[in-house]
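In: Sequence first, predicted coordinates after that:
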Amino acid sequence: MNVKGFIIEDDEGREFVVVCERPDRQFGGAFLLRGWQRRRLVPLHYSERELRRIVGKVLISLDDLFKSLPRCSSSTGMHLSLEKVRRHHG
């Protein structure tokens with residue numbers, strides 16, 4: 001599975017998309033931040049300072065999302081390491 005992006009809305013009702021683009025290389029990737037209006041990507045026209053603030057809030061939101069995802073517990077007998085899952089589906 002590939003993550004294509006996330007749509008995030010700030011406290012002012014502005015929507016942003018974090019687009020995940022995979023480069024031609026096998027590892028790594030690029031993350032682009034774009035505006036989102038009427039179901040399409042639009043360029044962002046903000047000052048450097050405002051963009052840094054927006055990016056910081058996006059990173060905090062994504063961190064909160066990933067921390068809130070359920071994790072398998074080894075006590076349930078369903079524990080799989082991410083490494084094992086990647087090898088199996090790689």
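Out: Good, I have the coordinates.

In: Let me know the secondary structure of Trp36.
Out: strand (DSSP: H, G, I helix; E, B strand; the rest coil).

In: Could you find the closest non-adjacent residue to it?
Out: In this structure, Trp36 finds its nearest non-sequential neighbour in Glu15, 4.1 Å apart by Cβ to Cβ, 6 or more residues apart in numbering. C-beta here means a position set from N, CA and C on the backbone, and glycine is covered the same way.

In: What residues are bridge-paired with that neighbour?
Out: For Glu15, the beta-bridge partners under DSSP bridges are Glu9.

In: Show me which positions of the helix or strand hosting Leu51 end up buried.
Out: Using DSSP states H and E, Leu51 falls within helix 48-68. For helix 48-68, a neighbour-count test (16 or more other Cβ atoms under 10 Å) marks Ile54, Val58, Ser61 as buried.

In: roughly how far apart are the first one and Gly5?
Out: The one in question is Ile54. 15 Å (Cβ to Cβ, to the nearest Å).

In: Just to check, Ala30 is in contact with Glu21?
Out: Yes - using Cβ atoms under 8 Å, Ala30 is in contact with Glu21, at 4.8 Å.

In: and Val18, that's in a helix?
Out: No - counting by three-state DSSP, Val18 is not found in a helix; it is strand.

In: Report how many residues lie close to it.
Out: With neighbours defined by other Cβ atoms under 10 Å, the count for Val18 comes to 19.

In: burial count for the closest residue to it other than its chain neighbours?
Out: Among residues not flanking Val18 along the chain, Phe6 sits closest, at 4.7 Å (Cβ to Cβ, 6+ apart). Neighbourhood size, Phe6 [other Cβ under 10 Å]: 15.
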